[in-house]
Structures are given as C-alpha cells and as structure tokens.
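J.: give the three-dimensional model of this entry:
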Amino acid sequence: GERDAGKGLEMRKLVLSGFLASEEIYINQLEALLLPMKPLKATATTSQPVLTLQQIETIFYKIQDIYEIHKEFYDSLCPKVQQWDSNVTMGHLFQKLASQLGVYKAFVDNYKIALETAEKCSQSNYQFQKISEELKVKGPKDSKESHTSVTMEALLYKPIDRVTRSTLVLHDLLKHTPSDHPDYPLLQDALRISQNFLSSINEDIDPRRTAVTTPKGETRQLVKDGFLVELSEGSRKLRHVFLFTDVLLCAKLKKTAVGKHQQYDCKWYVPLADLVFPSPEESEHCPQVHVIPDHELEDMKMKISAIKSEVQKEKANKGQSRAIERLKKKMFENEFWLLLNSPAIPFRIHNRNGKSYLFLLSSDYERSEWREAIQKLQKKDLQAFVLSSVELQVLTGSCFKLRTVHNIPVTSNKDDDESPGLYGFLHVIVHSAKGFKQSANLYCTLEVDSFGYFVSKAKTRVFRDTTEPQWNEEFEIELEGSQSLRILCYEKCYDKTKLNKDNNEIVDKIMGKGQIQLDPQAVQTKNWHMDVIEMNGIKVEFSMKFTSRDMSLKRTPSKKQTGVFGVKISVVTKRERSKVPYIVRQCIEEVEKRGIEEVGIYRISGVATDIQALKAVFDANNKDILVMLSDMDINAIAGTLKLYFRELPEPLLTDRLYPAFMEGIALSDPAAKENCMMHLLRSLPDPNLITFLFLLEHLKRVAEKEPINKMSLHNLATVFGPTLLRPSEGESKGHLTLASDIWSHDVMAQVQVLLYYLQHPPISFTELKRNTLYFSTDV
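T.: Numbering: from 1, shown residues only. You can find the predicted model right below:
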C-alpha cells in the first residue's frame, strides 16, 4: 500500500509540475495580450486615437481579471510543488480557482464580440493591424527562446482553451489522489464546478470555434467529412475522415454502451503541410488492391433485394416488429459488407515524413472532390506541426459535434418516409459538350448511386482532338434505389509513362464534373427530357427517360412476322432453314473472333444507338451485315445478342417449362436434380434446345478467359439467366406484387438454373435425345 501511495504521490507531483509549466506559459500569453492595452488607452484620449475606449473595453474585456486570478494561483502553487512532500495540500487552491470561473463566463459571453471588434479595427486601422498581428509572448523562465510572436486572435482564444485544460488536469489529479487524502473532496468539488461550467459554455461558443486553433492561431474549421474505406494492414476498414483547415484526420467510431455519448477514436492524422498525393509511378510499389469478384457483389445485391422484399411483406401483413428488426439487422450487415467490399478505385495519401495511406472509393467523382478540397486548402501558407495528446483528444472530441455526415451510407439507415429512390432503367443520351479552352481527347462517364453509394455505370467513346465533342451515345443504366446521376468529363491520357499497372487507377484528367437529382415525378414520363449540366465552364448536354422495372420486364411479340427480333425462334429457324438463328451464330462468331478477351464482355453495355442500328440491319436481312459487324464496337454486338434473347416473344427456355425449372433447381438431392434438369432440356422444342446448347458452349469458352476478361461463369449466368428464362407478360401477371420483390427472388433462381448448365460437363443434343435416363446411374 505504501509503495502505491508513494507512486501516487510521485504521479501527483508530475501532473502538477506539468500543469505549472503550462500555467506559466498561459500567464505569459495573458501578459502579452495586456501589453498593448495601456498605450492604446493612452492614445484613446488624444486627437489621433488608434481605438476608442469603448473598443478597447470590448476587446480586452476581463483579461486583466483573469490574469490576476491565475497569477495569484500560480504564485501560491509554485512553492508547494518545489518543496514537495506527502503532507502538501493544494486542493483549496483548485477549489478557489474553480469558484472564480464566473469571470470566464463573462469573458466567454463577450468572446464573439471581442473577436469581431478586433477584426473590424484591424481592417480599418493599419496601426492596430500591425500590433494585433504580432504580439510578443515571453518564453518560459528556463527555456532558450526569449519570445514568440502570436496573433491577437489566437491569444483571445487561450482562456477558452485553458478551462478545458484545467478540467483535464483535475481528472488526472483525482486519479492519483487517495480517497482519504484531505485534498480529495476539494478536488472533487473543483472538478464538479469546472465540468458544469464547461458544459454550460460549450453551448454558447460556436462549436466550430472550439475545434482548437492552428499553429498560426487561426481557428481550425471542419471543411469536409465522410465515410471512406481504408485498406489497413491488408484488410478493409470503414473510417470516418475529417478534413480540417490544416489537417486530415482519419477516425473510427468507438463502440459505446447504449445511452453513452458516442466518441471517435483517431487512427492517424496528416498535417496538410506534409500531405502529398503520390503520382502513379510512385504508387507502383504500394500494396495491390484485392478486388472482390463482381459475381460476389452481385450475389450480395440479390440477397439484399430479397431481404428488402421480405421486410415489405412483413410490414404489409402487420408482422411482428421483432421479425422485422431481425431482417433489418441482417440487411444492414449485408449492406455494410457491400459498402466495404465494392470500392476499388485507389485514393492514396502520403505523409512527407514517411507513411502512406490507401483509401478505396467506388466513385471517381468523390475521389476528385476530396482531392480538390485538400488542394484548395494547401494553396494557403500552411505550417507543419505535431499535436500533443491533449490537443488530439480535444480535436477528435470535436469531430462528433462537427460532423456533417451522421450515418453510414447504406439504405437500411434511411427513414421509412425518405424517398426510396428509383428502381428500373434510366436511358441516357450523352449528346455533346462545349466550353473547352483547347482541343483534347474527351470522354464522359456516368455514375449513379445504388445501395447507398455511387458507382460508374457507363462510358462514352473517346472523341479525339476537339473542343466540341459530339458523342450522341445512348446508354441503358439499371437503377437500384438511385436518387442522383453524375456526369464526369475526362481528358484521355495516352502518355505511356503515366499509365500504370494498377488497372483501377484512373490516370485520365477530370475536366469537369456535375450531378443532378433524379426526381421521380420529372423522370417518369414517356418522353425524353433534355438537360444540361454545367461544370467548370463546360456544359454537357444530355437527355434521359426512365422505365420502371415492371415495364421493362415485358416481352412484347413483334407485330410483323418478317425480321428476327420479337419473332418466335421456330418461325425464324424454319424460314432460314437453319438449326440456330443466323443472328445468334453471327454475333457469337464475332465475339469469339475479337471480343473474348474484352474486359466485362456481355456485362458492359454497348452504345444503344449502335445496337439499334444492328437490330435494324438483322431485321431487314441486309447484305451489308458482315461488313457492319466487323466495324462495330464489340460491346454493341454482345448487346445485340442479349437484346435478341430479351425480345423473344417467349423466353428461350419457354413459359411452359418455367415453373418446372424453378422447382428443379430447388431440389437438394444431386441425382434427382440431375435427372430433372436433363429431362427439362429434353422437353424443349428442338430449335430452342439446339440454340441453347450452342450458346452454352460459347459462354463456357468466354469464361475460360476469365483471368483476362474478368467474366466468370457466375458473371455470365447473372447477365444471361433472366434473359433466357424470364417468363413473358401473360405468364407472370398472376404473381407480380412489388416488381422489385418478385424480381430479386426469381432472378436469383434464374441465375442458378443457367449456372447449373454452365458448370455441367458438355451436353450433346444427340446424347440427350438418346438417353432418357441421362447419367442417372453414376451420380
């Protein structure tokens, strides 16, 4: 016990001597502030006053009193600490100091007016400006520095800072004072008064003011904050990042007990004076980003949609709130996983003093917003600094109050009455842009928010060497709860030295960016709606229209029986005297010739106008088809093939067998499933079966190139499953409640059916027809 008491005594002495040293600095700061007061007062009554008496009173209000209180406190405490032993008591000094906090209250009430007055006087009076820019503060007795110069604004903030500091010291003292020590109740009393005082003034001071001051004494303000994914020690972590006037701070929310005040925990910070963005060359040796395969992300989206529809059903049937809560919790976990794992665009931050950090974003728009905000602040003359642990504590503490983004951006955090966003297809035509100063190679990308965060969905071709690009390209973008559309305009970089190996590193220069809200009322008209987004003096013209998901699910038979789109496959093959429609053979041949290594083949949408042109040519059975195919962008050819299957009046795997496919895929015994799935194929009409097997082999060949084209069997099943299986309008009418509910559950099953056949050993038409009990013996 004695040893502990001795240790406690030693700790108290350390805490007190540290506090005394800072008290000495504080008194010197107050002295420096008071120094110009006397000469200013003297000139106030002359014919050429620098300030009026009223202004002097306002600016220096209560400083003299605060100075006297602290001087007396310091003079009484100093000898006690110097002749330190176990009998020393000093609680009464702290108690007295706390009882005089009323003076601080008066100071705080006047603080804002004092600052404003000082600022006005600086602007109107050059002499006062000179004085207030450089006040000389004496260095501590035993330090080498004789003086430092500080601005008046910074010094006027010191008393507010000081109250916080003395409260922290009382905490530390109490921690190391035995509860039976005579000082204990006195210190407790002092702490109680100080804390009450602090909580009363915190409401009074503009919270942005309390975010501590920069080394030059200006107030440190919060400029931007938001959630970003950091790659830390090889794993993805969600961080809340705060950008202040002169520092970038990366924090995470601490786990707190229910009802407790939430707090942030600082992970790291970089003063903006030390912050640089590494160029692509420098970031080559940075950690490689582990990208989650698309199909896993798609799977998760399906799961979330399925849970969403369960929640809707529970609500509609007035289900138990516990069941709904459980579903919502599950949904949050899945959305959180998606938020963490889908970003792949690297955003690197480097501290000149050595350490690098890597964030992953899903939107280049956001990456450039962060970068621009930081670069704008770096234009000012910034100083490097190191924050003391107390300063860091106060700054991190201020984050909770100052933050502007309160919730993790997932849809389960939305209130029920908030707009759920749009579900369906947005058709966008990017027409043209003007306002460029000089010729460049230009293209645009389109981003929409889905599941709470933004992703890039489409990209125009590069229009070379122009100041007025005319793209006129149409895209069909799937919306999953979207509320905004963003357009980014880039200048293409062809400089080989800048193109680095990291395939998600976008090195092209953003020329401009802008966004618009997707207003459900305005968008949901049948007609195109023309609009302009202005950015950095550039104007991009585009048109859009929206089709809701229930509309886009319809298969509409073609009225004319010529042509191939919207015409039954049996009619087409009979007319052509072929086993597989010509359009299917031609598109597949072309994709295998030059598209099999194209990244995202079948997933990336082709230009809608190109697809329409191809459709017209195939429908007219034009003899220029082959020439046109060989010139056309490969994504448009892939898109034409998908469109052909999507527009069949009934799905390739037929309406009649659809319910049976759904039941077959749900069987759990492998032998039974195998028998059923093969029997179903056998039951298809010949043209449908032969075409299906032809497509199956092609998709398998595409998936063999997955390392290059990033299209796995699963990805291909996700793209083609609904296209080949989704029933036509008449069939699905009976059970179409909420388009998005049915959709998500059925789509998952449709994907699974196609995946089953894709993963199956090769299936031949003749074997299939010959073997009635196909494979049944050796499963």
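
J.: which residues of the stretch 151-300 of the chain fall in helices?
T.: Taking DSSP state H, counting those that start in this stretch as the criterion, the stretch 151-300 of the chain carries its helices at 152-175, 183-204, 294-316.

J.: domain ranges for this structure?
T.: 2-205, 209-281+344-418, 292-338, 424-552, 569-773 (the TED database).

J.: and the helix or strand hosting residue 325, how far from the chain's centre?
T.: Residue 325 belongs to helix 321-341 when assigned by DSSP states H and E. Computed by Cα atoms, centre = their mean, to the nearest Å, the chain-centroid distance of helix 321-341 equals 18 Å.

J.: got the buried residues for it?
T.: For helix 321-341, the neighbour count (16 or more other Cβ atoms under 10 Å) marks 327-328, 330-332, 334-335, 337-341 as buried. C-beta: built from backbone N, CA, C; applies to glycine.

J.: what kind of secondary structure is residue 442 in?
T.: strand (DSSP: H, G, I helix; E, B strand; the rest coil).

J.: against residue 9, how distant is it?
T.: According to Cβ to Cβ, to the nearest Å, residue 442 stands 73 Å off from residue 9.

J.: what about these two, which has more around it?
T.: Using other Cβ atoms under 10 Å, the more surrounded residue of residue 442 and residue 9 is residue 442, with 24 against 18.

J.: neighbours of the nearest residue to that one once chain neighbours are set aside, how many?
T.: Distance criterion Cβ to Cβ, 6 or more residues apart in numbering; nearest residue to residue 442, sequence neighbours excluded, is residue 469 at 4.7 Å. Neighbour count of residue 469, defined by other Cβ under 10 Å: 25.

J.: quick check: residue 469 touching residue 433?
T.: Yes - judged on Cβ atoms under 8 Å, residue 469 makes contact with residue 433 at a distance of 5.4 Å.

J.: pLDDT below threshold where in the stretch 401-550 of the chain?
T.: Counting by pLDDT under 70, the stretch 401-550 of the chain contains low-confidence ranges at 413-419, 495-506, 522-525, 549-550.

J.: that one: strands as residue ranges?
T.: 422-434, 440-450, 453-459, 463-466, 470-482, 484-491, 509-517, 529-535, 538-548 (DSSP state E, counting those that start in this stretch).

J.: do you have the strands of the stretch 51-200 of the chain handy? List them.
T.: Using DSSP E, counting those that start in this stretch, strands in the stretch 51-200 of the chain cover 135-138, 147-150.

J.: could I get the ones you listed as TSV with mean pLDDT and distance to residue 388?
T.: Formatted as TSV, the strands of the stretch 51-200 of the chain follow (pLDDT from 0 to 100; distance: least, Cβ to Cβ, whole Å):
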stretch	mean pLDDT	distance to residue 388
strand 135-138	87	18
strand 147-150	83	16
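
J.: for the residue nearest to residue 442, what are its contacts?
T.: Under the criterion of Cβ atoms under 8 Å, 6 or more residues apart in numbering, the neighbours of residue 469 are 432-433, 442-443, 463.

J.: just the buried subset of those residues, please.
T.: The buried subset of these (16+ other Cβ under 10 Å) comprises 433, 442-443, 463.

J.: now the two most distant members of those.
T.: Largest separation among the buried ones among the contacts of residue 469 by Cβ to Cβ: 433 and 443, giving 10.0 Å.

J.: between those two, what contacts are shared?
T.: 469, 489.

J.: for the record, mean pLDDT for stretch 591-606?
T.: Stretch 591-606 carries an average pLDDT of 90.

J.: what about the nearest residue to residue 61 once chain neighbours are set aside, how many neighbours?
T.: Closest residue to residue 61 apart from its sequence neighbours, by Cβ to Cβ, 6+ apart: residue 110 at 4.6 Å. Residues lying near residue 110 (other Cβ under 10 Å) number 17.

J.: got it, and residue 124?
T.: Using other Cβ under 10 Å, the number of residues around residue 124 comes to 10.

J.: got a list of what it touches?
T.: Per Cβ under 8 Å, 6+ apart, neighbours of residue 124: none.

J.: returning to what we had before: between the buried residues of helix 321-341, which is closest to residue 519?
T.: Using Cβ to Cβ, residue 335 comes nearest to residue 519 of the buried residues of helix 321-341, at 24.4 Å.

J.: quick one on the thing from earlier: mind listing the shared neighbours of residue 469 and residue 433?
T.: Joint contacts of residue 469 and residue 433 (Cβ under 8 Å, 6+ apart) are residue 442.
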